[in-house]
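Student: Provided below for reference: sequence and predicted model.
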Amino acid sequence: MKKFLLFLGVALCATFCVNEASAQIKAGEGQVSIALESNNSYYMEDQTLEKIGLVKPDERTRGNFGSNDYIKVDYSKGRFSAGVQVDAYLPGLYGYDMYTYQQRDTKLTGFLTKYIQWEDQNWGVRVGDIFDQFGNGLIFRSYEDRALGFNNSLAGARAHYNFNNMVSVKVVAGMPRLYDVRSNNLVYGADLALSISDMVGWENGIIGIEGSYVGRRDSDISAFNVEDWETGEITNILAGKEMLNMVSGRLNFEFAGVTLRGEYAAKLNEDLFNPTLPTAKGNVIYLDLGYNYKRFSASATFRRMENMTTAIDNRPVGIGGGNVMNYVPLLTRQHTYSLANLNPYRGSSVHTGGEIGGQLDLYYSLRNPKARGKYWNFHLNFSMFNTVDHFNQIYQQDMEGRNVWLDLNFDVERQWNKQVKTTFLYSFQRWDEEINHYDSPMAHYCRSHIFVGDVTYKFNKKHSMRFEAQYLASNDYEGDWVAATIEYNLAPKFSFYVSDMWNCEKMQDGAYGNYYMDLDTYEGDNYLLHYYQVGASFTHNSFRAQLSYGRNRAGFVCSGGVCRFQPAYTGFNLAMTLSF
Amino acid sequence: MKKLMFLMLALFIGVSASAQTLPDVKVENQEGKVISIREVVDGTPMIISFWSTTCKPCIMELNAINESLYEWLEEVDMKVVAVSVDDARTLSRARAMTQGQGWDDYTCVYDKNQDLKRAMNVSLTPHTFIVDGKGNIVYSHSGYTPGSEQELFEKIKALK
């Protein structure tokens, strides 16, 4: 709490120091820019949640306060730049993998990242923390996502060189960040991109051939003990292979509104992601096709993969969402309305083991060039993922290809005039409840139909109101839901909202599997739970603060196709960002 | 940790204020070619707006600007640069969306490794900057409430 107050002090001071919009900072000939972000929660007692076992007792012992804070300071002068970022978890918020998997329950912790960089016209060098990716990130991606508490930056060096746009080469090497520690494993790689269109002087389109190599050298291959989380049995196994090699080849093509991007990547050595499972090689095919014509556009993605999720460190420091060095996200549509996003596809062991599927997006905008205040926007999305029909080496059994996820949805947005705008969304989602159980002989499908209506009314240039109503009809164990939000906006500074998400049908007995629930104390069938929220936000230039109070459902928070589990809680949230 | 915070406090106080410029960072254009973001600086004042396919308020803001753009252009010369921070997973969806939403008058660029987002210290989208014709950042705003696009227009007009 003390540290939080100190942080608040710094943030407030900073706001006052730069309360004028144009005030930017200049030190000598160069310039300094600073960004602050602070996410805080105060957890209250909620007996209703506790009775149905949604708040685990051990979470209570961590105290009532959580705070994830980030301070980033950058200095740049011409082509030179340098910076530091401090992450402070005081302690961190519930539901971040760092705490779930590393059992650092009560600890305050933090991490410091830093870099210096020279970016010339055709070449560049960076030393310190590296954020980069090769191609689609299938074999290597280091990035930060604060919504997930994810950061796997490489501490090392990167150099790149570009020759007349025809040939570009990039090399990286370093030690990845693993939660709030630095892994001792070394990750290195090289990427080569050839632009055929630039070589032959073809200016109407793009033809490119690219390839990458990534290696991971484990620091320690000594034997270690693993406790099976189901049986408690302790087995002695050998940590990973000494060296893991991965390669990728890519093709890019673009001409007359058509784009085609393809990538094939493979894990050349046997690797293990989960220390309790056998090792296996892996491979992935990724195809992305796009087409644009005037105001119509289409995009389709196909992917087939086996065993491609790659850990930074195979030793049992806990797997978790943060222990990943490549990027194989879920490709389904990430819905923005709460009920459409109630049970998102999260792949899980299917995704890690073997998954085949894809998705399709169609967009069309109908508008009169003379009346820009009136238009229709249409969007259709379809996604479907199956398990791969093969002998899975990791799970040591024949896998039957069967559908695990399907989402067919469309939304229509209509701007009627300057005052009124409406949005309608329908989504049909079907998923296999047995998704995490490879040995389950048959699928058990849950089906949901989701309807959303959203109306924004602008009274004048400053005052506006938004009303949102949602209904979810489902045969899963929670049954039907209804949700509504009312938002009042006072542009450009204030916004207020009240919302409720109500599980209006009694939960079914003996249900399980969708998310963590303590079945011994499960009395959920007696409750029709309300998940209410009330909040306000204030914006002044680049300072933004949002305060809210309410009950939050246990579920999955997804960002960029990666999900983390968020336990249920009731309490206050205060989020602030500031940059200058 | 405390020491670092005080160091930053000292930084706030110790430096003087003046205009910041658009950093020299590489992004992809609509055709997928790599360009420097500095190439958009051509003497015309602009709104630079960071968005992504999963950020609803971002899309609302860009649509609202698009609706008013022709009215604004009657009063002042300006342009809009939409920076998508979508990564490899949603990049093609972002490209499709710019067409499907009718953002034909925007300069759309793609920051798939989020280098520009980091360089401009954007922690939360939508985040919008006003940049003058020489590439100086004169104003920035984060978050969107319906109607706040009017403030951006006022700031652009004030540049004259």
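Tutor: Noted; the coordinates are in hand.
Student: show me what contacts the residue of chain B found nearest chain A?
Tutor: Here the residue of chain B nearest chain A is B:Gly100; by Cβ to the nearest Cβ that distance is 2.5 Å. C-beta coordinates here come from the backbone N, C-alpha and C atoms, glycine included. B:Gly100 makes contacts with A:Arg295, A:Phe296, A:Ser297, A:Tyr363, A:Tyr364, A:Ser365, A:Asn377, A:His379, as judged by Cβ atoms under 8 Å, 6 or more residues apart in numbering or on different chains.
Student: the closest residue to it other than its chain neighbours and A:Glu210: what is the separation?
Tutor: Closest residue in space to B:Gly100, ignoring its immediate chain neighbours: A:Tyr363 at 2.5 Å, by Cβ to Cβ, 6 or more residues apart in numbering or on different chains. Per Cβ to Cβ, to the nearest Å, A:Tyr363 is found 28 Å from A:Glu210.
Student: neighbour-wise, which of those two wins?
Tutor: More crowded of A:Tyr363 and A:Glu210, by other Cβ atoms under 10 Å in any protein chain shown: A:Tyr363, with 23 against 19.
Student: buried set for the stretch of helix or strand A:Arg544 belongs to?
Tutor: Assigned by DSSP states H and E, A:Arg544 falls within strand A:543-552. Residues of strand A:543-552 classed as buried by neighbour count (16 or more other Cβ atoms under 10 Å in any protein chain shown): A:Phe543, A:Arg544, A:Ala545, A:Gln546, A:Ser548, A:Tyr549, A:Gly550, A:Arg551, A:Asn552.
Student: what do you get for stretch B:36-54?
Tutor: B:37, B:40-41, B:45-54.
Student: in the stretch 301-450 of chain A, which residue sits closest to chain B?
Tutor: For the stretch 301-450 of chain A, Cβ to the nearest Cβ, closest residue to chain B: A:Tyr363, 2.5 Å.
Student: that's a strand at that residue, yeah?
Tutor: Yes - under DSSP: H, G, I helix; E, B strand; the rest coil, A:Tyr363 sits within a strand.
Student: might you report the residue contacts of it?
Tutor: Here A:Tyr363 is in contact with A:Phe296, A:Ser297, A:Ala298, A:Asn377, A:Phe378, A:His379, B:Ala96, B:Met97, B:Gln99, B:Gly100, B:Gln101 (Cβ under 8 Å, 6+ apart).
Student: redo that, cut-off 6 Å
Tutor: Shown in contact with A:Tyr363 (Cβ atoms under 6 Å, 6 or more residues apart in numbering or on different chains): A:Ser297, A:His379, B:Ala96, B:Gly100.
Student: least confident secondary structure element in the chain?
Tutor: As the question left the chain open, I've gone with chain A. Scoring the helices and strands of chain A by mean pLDDT, DSSP states H and E places strand A:25-27 at the bottom, with a mean of 47.
Student: you answered for a different chain; I wanted chain B.
Tutor: strand B:16-17 (a mean of 38).
Student: now the helix or strand just after that one: mean pLDDT?
Tutor: Following strand B:16-17 in sequence order, the next helix or strand is strand B:20-21 (DSSP H and E). Here strand B:20-21 scores 84 as its mean pLDDT.
Student: per-residue pLDDT, the residue of chain B closest to chain A?
Tutor: 81.
Student: quick one, helices of chain B?
Tutor: B:2-14, B:56-75, B:91-100, B:115-119, B:149-158 (DSSP state H).
Student: give the contact list for A:Ser499.
Tutor: A:Thr485, A:Gln533.
Student: SS state for it?
Tutor: Applying three-state DSSP: A:Ser499 is strand.
Student: gap between it and A:Arg466?
Tutor: From A:Ser499 to A:Arg466 the distance is 11 Å (Cβ to Cβ).
Student: phi and psi next, for the nearest residue to A:Ala554 once chain neighbours are set aside.
Tutor: Of all residues not flanking A:Ala554 in the chain, A:Ala568 sits nearest, at 3.9 Å (Cβ to Cβ, 6+ apart). Backbone torsions of A:Ala568, given as degrees, to the nearest 10, read phi -70, psi 150.
Student: give me the number of residues near A:Ala568?
Tutor: A:Ala568, neighbours per other Cβ under 10 Å, totals 26.
Student: one more: A:Asn64?
Tutor: A:Asn64 - counted by other Cβ under 10 Å - has 12 other residues nearby.
Student: in this structure it contacts A:Tyr43, no?
Tutor: Yes - contact criterion Cβ atoms under 6 Å: A:Asn64 and A:Tyr43 qualify, at 4.8 Å.
Student: neighbouring contacts of the helix or strand following the strand holding A:Arg544?
Tutor: Remark: after strand A:543-552, the chain's next helix or strand is strand A:555-559, criterion DSSP H and E. With contacts defined as Cβ under 6 Å, 6+ apart, strand A:555-559 is touched by A:Asp145, A:Ala147, A:Leu148, A:Gln334, A:Pro344, A:Arg346, A:Cys563, A:Arg564, A:Phe565, A:Gln566.
Student: of these, buried ones?
Tutor: Here, 16+ other Cβ under 10 Å leaves A:Asp145, A:Leu148, A:Gln334, A:Pro344, A:Arg346, A:Cys563, A:Arg564, A:Phe565, A:Gln566 buried among those.
Student: so can I have a markdown table of those showing secondary structure, pLDDT and distance to B:Met120?
Tutor: Putting the buried ones among the contacts of strand A:555-559 into a markdown table (DSSP: H, G, I helix; E, B strand; the rest coil; pLDDT from 0 to 100; distance: Cβ to Cβ, whole Å) gives the following:
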| residue | secondary structure | pLDDT | distance to B:Met120 |
| --- | --- | --- | --- |
| A:Asp145 | strand | 91 | 18 |
| A:Leu148 | coil | 87 | 22 |
| A:Gln334 | coil | 89 | 24 |
| A:Pro344 | coil | 88 | 30 |
| A:Arg346 | coil | 78 | 32 |
| A:Cys563 | strand | 78 | 28 |
| A:Arg564 | strand | 79 | 27 |
| A:Phe565 | strand | 79 | 32 |
| A:Gln566 | strand | 81 | 29 |
